[in-house]
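Trainee: How does the following fold in three dimensions:
(one chain, ligands or ions: 1)
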Amino acid sequence: MKYKRSLLKLSGESLTGEGSFGIDPKRLYQYAQEVKQVVEMGAQIAIVIGGGNIFRGLSGSNHGIDRVQGDYMGMLATVINGMALQWALEDLRVDTRLQTAIRMEQLAESFIKRRAVRHLEKGRVVIFVAGTGNPYFTTDTAASLRAIEIGAEVILKGTRVDGIYTADPEKNHNAEKLENISFEDVYNKRLNVMDMTAFTLSCENNVPIIIFDMNKKNNLKKVLAGENIGTLVSK
Ligand code: UDP
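Mentor: Next up, the predicted model:
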């Protein structure tokens with residue numbers, strides 16, 4: 001296995017499966033299965049989950065909801081998703097711990113770096129919820145931040161597309177997929193990998209990012225094995 005400890009970022013939207021809102025149990029189990037497979041191979045894996053399938057602060061503020069209020073609602077949405085994922089994983093007999101950036105002791109541990117690392121060493125999957133705990137951030141930024149904190153070797157951004165293209169592949173047939181790209185090129189070409197705050201954090205702390213299609217069976221395993229199935233962003 002190329003990467004021993006990694007941080008997997010899953011967007012909230014990816015959990016909707018065929019629908020456009022909420023959580024699709026089929027998709028949830030599919031992801032849990034992928035994670036179980038790599039944990040059984042000895043991978044240490046932490047997950048940051050988004051909340052866009054339930055609520056986004058920014059879209060709320062377009063409809064008159066105070067931005068900060070909306071952002072906290074978005075963070076709580078990630079808790080719901082994290083709990084769903086935890087349940088699916090535990091149902092598949094994978095040990096997990098939920099760690100939250102906003103205290104809620106009945107549901108989850110508070111985020112404590114040393115504890116998170118210890119869980120990983122013991123083979124537990126750690127799911128980080130409530131983003132960074134601060135409004136005006138995203139769960140992508142939470143992913144970069146947590147990856148750095150726990151010493152992850154790589155950030156795996158599981159999406160619906162299989163990597164970064166030279167143009168939008170749905171609009172341009174000549175668009176080519178890139179196997180590797182530098183942080184600098186992503187920045188100069190304004191490619192949309194993660195939002196700028198998240199991207200800058202990863203870049204400055206030199207944590208590579210792999211964009212890959214999480215919806216294809218065995219892809220998580222392949223990525224961790226070092227197969228070139230997505231796009232690797234690195235120094
Ligand atoms: N959010 C926040 N601070 C954070 C992480 C998330 O305020 O550190 C809020 C923000 O409103 C965001 C929502 O939670 O829109 C859901 O997170 P995100 O949009 O990142 O989810 P994803 O796009 O990954 O589903």
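Trainee: can you give me the strands in this structure?
Mentor: Here the chain has its strands, by DSSP state E, at 5-10, 44-49, 96-100, 109-110, 125-129, 154-159, 164-165, 177-178, 180-182, 209-213, 231-234.
Trainee: right, and residue 50 touches residue 79 too?
Mentor: No. Counting by Cβ atoms under 8 Å, residue 50 does not reach residue 79; the two are 11.4 Å apart. Where you see a C-beta, it was placed from the backbone N, CA and C, and this is true even at glycine.
Trainee: who in the protein is up against the ligand?
Mentor: Counting by Cβ under 6 Å from any ligand atom, the chain comes close to the ligand at 11-13, 50-52, 56-58, 70-71, 74-75, 77-78, 131-132, 134-135, 137-142.
Trainee: Count the neighbours of the nearest residue to residue 32 once chain neighbours are set aside for me.
Mentor: Excluding the flanking residues, the one nearest residue 32 by Cβ to Cβ, 6 or more residues apart in numbering is residue 88, at 3.9 Å. The number of residues packed near residue 88 is 22, by other Cβ atoms under 10 Å.
Trainee: How much space separates residue 88 from the ligand?
Mentor: Per Cβ to the nearest ligand atom, to the nearest Å, residue 88 is found 17 Å from the ligand.
Trainee: Next up, the contacts around that residue.
Mentor: By Cβ atoms under 8 Å, 6 or more residues apart in numbering, the contact list for residue 88 reads 25, 28-29, 31-32.
Trainee: I'd like these laid out as TSV, including neighbour count and pLDDT.
Mentor: Converted to TSV, the contacts of residue 88 look like this (neighbours: other Cβ atoms under 10 Å; pLDDT from 0 to 100):
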residue	neighbour count	pLDDT
25	13	94
28	20	96
29	16	97
31	23	98
32	22	98
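Trainee: Closest one of those to residue 201?
Mentor: Nearest to residue 201 among the contacts of residue 88, counting by Cβ to Cβ, is residue 31 at 24.4 Å.
Trainee: Show me which of residue 50 and residue 79 is the more surrounded one.
Mentor: Regarding residue 50 and residue 79, a neighbour count based on other Cβ under 10 Å identifies residue 50 as having more, with 26 against 23.
Trainee: how much space between the more buried one and residue 224?
Mentor: Going from residue 50 to residue 224 by Cβ to Cβ, to the nearest Å gives 21 Å.
Trainee: Show me where this protein has its helices.
Mentor: Taking DSSP state H as the test, the helices found in the chain are 25-40, 57-61, 67-91, 113-121, 139-150, 183-188, 196-204, 219-224.
Trainee: Tell me which of those sits most buried.
Mentor: Highest mean neighbour count among these (mean count of other Cβ atoms under 10 Å): helix 139-150, with a mean of 25.
Trainee: Skipping adjacent residues, who's closest to residue 59 in space?
Mentor: That would be residue 70: by Cβ to Cβ, 6+ apart, it lies 7.9 Å from residue 59.
Trainee: OK, contacts around that neighbour?
Mentor: Counted by Cβ under 8 Å, 6+ apart, residue 70 has contacts 55-61.
Trainee: ok, and what's touching the worst-scoring helix or strand of the chain on mean pLDDT?
Mentor: In the chain, no helix or strand scores lower on mean pLDDT, DSSP states H and E than helix 57-61, which sits at a mean of 85. With contact meaning Cβ under 8 Å, 6+ apart, helix 57-61 is reached by 65, 67-74, 135.
Trainee: try it again with 7 Å
Mentor: 67, 70-71, 73-74, 135 (Cβ atoms under 7 Å, 6 or more residues apart in numbering).
Trainee: Nothing else from me, thank you.
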